[in-house]
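Engineer: need a 3D model of the sequence below.
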Amino acid sequence: MTATNTTDVENTDGPDNAAEKAAPAAAFTVRAGGTRQLAGTGTLLRFALRRDRVMTPLWTGVIALMVLSLPDTLKSVYGTAAERADLARQMLTNSSLRATYGPVFSDSLGGLTAWRVGGYAGLFAGIMSLLVVVRHTRDEEESGRQELLSSAMVGRRAPLTAALLAALVANGALAVLIAGGLAGQGAPGALALGLGVGGVGMVFATAAAIVAQFTQSARLAKGLTGGVLGAAFVLRAAGDSAATDGSSPLTWVSPLGWLENERPFADERWWVLLLFAAAVALQGALAYALAGRRDVGMSFLPTRPGPASGRLGTAWALAWRLQRGSVLGWSLGFLAAGAAFGGITKGASDLVGDNARTREIIERMGGQSGITDAFLATMTGMLGMVAALYIVSSVLRLHGEETSQRAEPILANAVGRLRWAGGHLVIAFGGAALIMLLGGAGLGLGYGHEPGPVLGACLLQIPAVWTLGGLAVLLYGVFPRSAPGAWGAAGLVLLLGWIGPALDVPQGLMDLSPYGHLPKLPGGEMTWTPVLVLTVIAVGLTAAGLTALRRRDLSA
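Structural biologist: Got it, this is the predicted structure:
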C-alpha cells in the first residue's frame with residue numbers, strides 16, 4: 001500500500017463512506033491504526049520549521065525584546081521603590097489605564113514589566129501562533145500542496161499535528177527567552193510570565209486550528225481567529241476597567257485575563273496554567289475530530305459560488321469582493337482603538353506624574369509639546385504604524401492570488417495586469433486612508449476636545465503608510481518570491497516606534513522609519529516638505545513595482 005490518506009478521494013456520500021468505497025483497505029488502515037494517522041508528521045514538521053526559519057525567529061525575537069528591554073527602561077524612569085509604588089497606586093485608581101494595560105499587582109521591576117507589556121506580549125504571541133497554524137493547514141490546502149502531499153505516506157491528521165507542533169516550538173522558544181531574560185528579576189516570576197505568554201499563544205494556535213476546518217480561505221481563517229483574539233482583548237479591557245484586582249468575570253473569560261491573573265512576580269498563581277492546558281487540550285481535540293471528518297481542500301462552511309457578471313464584472317469589483325471583509329474588520333478595529341486611546345488621554349498626566357524621564361520618552365515619541373499633545377501625537381503615530389500591517393496585507397493579496405493560480409484565469413481574458421493589480425491597490429491604499437480617518441475620528445471622539453486637530457494628525461500619517469505599501473508593491477513586482485519581506489519592513493517600523501524612544505536608539509536608526517520624518521501633531525509645527533516627499537516616494541515605489549509586474553512572468 002502506498003498511501004494511508006483517503007481524503008483526496010472524490011466524495012459524494014460523505015467523506016468516510018466515499019473513501020471506504022474507493023479505497024476500503026486504506027480506510028481500514030486509517031481507522032485501525034491510530035499512529036498511521038500521524039504518519040509523516042516528523043517530515044512535515046521539519047518542512048514547516050524550514051519554511052518558518054525567518055518568520056518564527058523574527059516574531060519571537062521582537063516579542064522577547066519588547067519584554068526584556070522594559071526592566072532597564074523602568075529602572076531609568078522610576079529609579080526608587082517609592083516612585084514605583086506611587087506609579088502602582090496611580091494605575092489602580094485610573095480605570096482607563098487599567099483597561100489599556102491591566103491592574104498592577106506588584107511595584108517591583110518584574111511586576112511592572114508584567115503589567116506594562118505582559119498582555120501585549122500575549123496578544124502578539126497569539127497573532128504569531130494563528131499565522132503559523134493557518135499557514136501550515138488551510139493555506140497549504142488552498143494552494144493545492146496538501147493534496148499532493150496527502151497522496152504519499154502522510155496520515156490524515158499529520159498536517160494539523162505538524163502545524164500545532166510548529167506553533168509549540170515557536171511559543172516554547174518565546175517562553176524560554178522571556179523566562180531566561182527576566183530571571184534576574186526573580187526566577188519564579190520570570191518562569192510564570194514566560195509560560196503564560198506561551199500559553200496564550202497555544203490557546204490561539206488551537207483556536208486557529210478549529211477555524212481552519214470551517215473555512216476554505218486562509219485569509220478568512222486568519223481574519224476570524226484574529227477577531228476572536230480581538231474579542232479576548234476587549235473582554236479583558238472591559239473587565240479590568242470595572243475591577244482593580246482582575247476579578248471581573250469578563251476578565252476570566254479571556255485568555256489574556258488568565259495571563260494577568262497568573263500574577264507573575266506577585267505571589268504567582270501556578271494553578272492558572274491549568275486553564276491554558278485545559279483550553280489547549282479541548283480545542284486541540286475538537287480540531288482533530290473535525291479534521292478527520294472532511295476532505296482535503298473542503299470545509300464545513302464552503303464558500304458560496306458567486307456570479308461571474310454583474311457586480312463582479314470588473315477587476316475592481318472582484319478585488320472589493322475579496323477584500324471587503326478585511327476592510328470592514330480593520331475599520332471597526334481602528335474606530336474602537338481610537339476611541340480607547342482617546343479615552344485614556346485624560347489620564348496621561350497620571351501616567352507621567354512628575355517623572356521627568358517618562359515625560360522625556362513620551363515627548364520623544366510625540367514631539368516637544370505639552371504632555372497631552374505629545375501623548376495624542378504618540379497615539380496617532382501608533383495607529384499609523386499599525387496601519388502599515390493592513391496595507392502590507394492588502395497589497396500582498398496580489399501575491400496570494402498569483403501563487404494560488406487564481407490570477408491566471410482572470411488575466412487570460414481581456415483583463416490587463418495593471419487593471420487587475422490596480423483594483424487591489426485601490427483597496428489597499430484607499431483602505432489605509434479610510435482606517436486612519438476612522439481611527440482619527442475615534443481618537444477625537446474619545447478625547448472629547450478639539451477633534452479637528454486630532455483627526456488631521458491621523459490623516460498626516462497616511463503618506464508614511466503609503467510608503468510601506470509602495471515598498472510592498474515594489475517587492476511583489478520585482479522579487480515576487482521575496483514579497484513577504486514587506487512584513488519585515490513593517491515589523492521593523494513597529495519595533496522602532498514601540499521601543500526605540502525608550503531605549504534611546506540612535507537617531508540615524510530611527511530615521512529608517514518613514515514615520516520619524518513626519519511632523520509631530522497635534523502640538524508641533526506643521527511642515528509640508530516631508531509629507532510631500534513621502535507621497536512622491538510612495539508613488540515612485542508603486543509605479544516601479546507595477547512596471548516590473550507588467551514585464552515579468554507569472555509565478556508557476
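
Engineer: lowest-scoring secondary structure element of the chain by mean pLDDT?
Structural biologist: Every helix and strand of the chain was ranked by mean pLDDT, DSSP states H and E. The lowest is helix 24-32, at a mean of 38.

Engineer: just the CA atoms of the following helix or strand past that one, as PDB, please.
Structural biologist: Using DSSP states H and E, the helix or strand that follows helix 24-32 in sequence is helix 41-51. Output of helix 41-51 as PDB, limited to C-alpha atoms (Å, rounded to 0.1, in the frame of the first residue of the first chain):
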ATOM      1  CA  THR A  41       4.400  14.200  11.000                       C
ATOM      2  CA  GLY A  42       8.100  14.500  11.600                       C
ATOM      3  CA  THR A  43       8.900  15.200   7.900                       C
ATOM      4  CA  LEU A  44       6.100  17.800   7.700                       C
ATOM      5  CA  LEU A  45       7.300  19.400  11.000                       C
ATOM      6  CA  ARG A  46      10.900  19.700   9.600                       C
ATOM      7  CA  PHE A  47       9.400  21.200   6.400                       C
ATOM      8  CA  ALA A  48       7.300  23.700   8.400                       C
ATOM      9  CA  LEU A  49      10.200  24.800  10.500                       C
ATOM     10  CA  ARG A  50      12.300  25.300   7.500                       C
ATOM     11  CA  ARG A  51       9.700  27.400   5.800                       C
END
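
Engineer: distance check, His399 against Leu471.
Structural biologist: In this view, His399 and Leu471 are 13 Å apart by Cβ to Cβ, to the nearest Å. For glycine as for every other residue, the C-beta is placed from the backbone atoms N, C-alpha and C.

Engineer: who's more crowded, these two?
Structural biologist: Leu471 (24 against 19; other Cβ atoms under 10 Å).

Engineer: I'd like the mean pLDDT over the helix or strand hosting the more buried one, please.
Structural biologist: According to DSSP H and E, Leu471 maps onto helix 462-478. Helix 462-478 shows a mean pLDDT of 94.

Engineer: show me what that helix is packed up against.
Structural biologist: Packing partners of helix 462-478 (3 or more Cβ pairs under 8 Å, 6 or more residues apart in numbering; DSSP states H and E): helix 371-395, helix 417-447, helix 485-499, helix 529-551.

Engineer: can you show me the CA trace of that helix as PDB?
Structural biologist: Output of helix 462-478 as PDB, limited to C-alpha atoms (Å, rounded to 0.1, in the frame of the first residue of the first chain):
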ATOM      1  CA  ILE A 462      -1.100  58.400   5.500                       C
ATOM      2  CA  PRO A 463       2.000  59.200   3.400                       C
ATOM      3  CA  ALA A 464       4.200  57.100   5.700                       C
ATOM      4  CA  VAL A 465       1.600  54.200   5.500                       C
ATOM      5  CA  TRP A 466       1.600  54.500   1.700                       C
ATOM      6  CA  THR A 467       5.400  54.400   1.600                       C
ATOM      7  CA  LEU A 468       5.400  51.000   3.200                       C
ATOM      8  CA  GLY A 469       2.600  49.900   0.800                       C
ATOM      9  CA  GLY A 470       4.700  51.100  -2.100                       C
ATOM     10  CA  LEU A 471       7.600  49.100  -0.900                       C
ATOM     11  CA  ALA A 472       5.400  46.000  -0.800                       C
ATOM     12  CA  VAL A 473       4.300  46.700  -4.400                       C
ATOM     13  CA  LEU A 474       7.900  47.000  -5.400                       C
ATOM     14  CA  LEU A 475       9.000  43.800  -3.800                       C
ATOM     15  CA  TYR A 476       6.000  42.000  -5.300                       C
ATOM     16  CA  GLY A 477       6.600  43.300  -8.800                       C
ATOM     17  CA  VAL A 478      10.400  42.900  -8.900                       C
END
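
Engineer: and the direction of it versus that of helix 529-551, what angle?
Structural biologist: 20 degrees (axes from the mean of the first three to the mean of the last three Cα atoms, to 10 degrees).

Engineer: show me how far helix 462-478 is from its chain's centre.
Structural biologist: 19 Å (Cα atoms, centre = their mean, to the nearest Å).

Engineer: same deal with stretch 75-87?
Structural biologist: That offset, for stretch 75-87, works out to 32 Å (Cα atoms, centre = their mean).

Engineer: before we move on, what about stretch 526-535?
Structural biologist: Centre to centre, stretch against its chain (Cα atoms, centre = their mean), the figure for stretch 526-535 is 29 Å.
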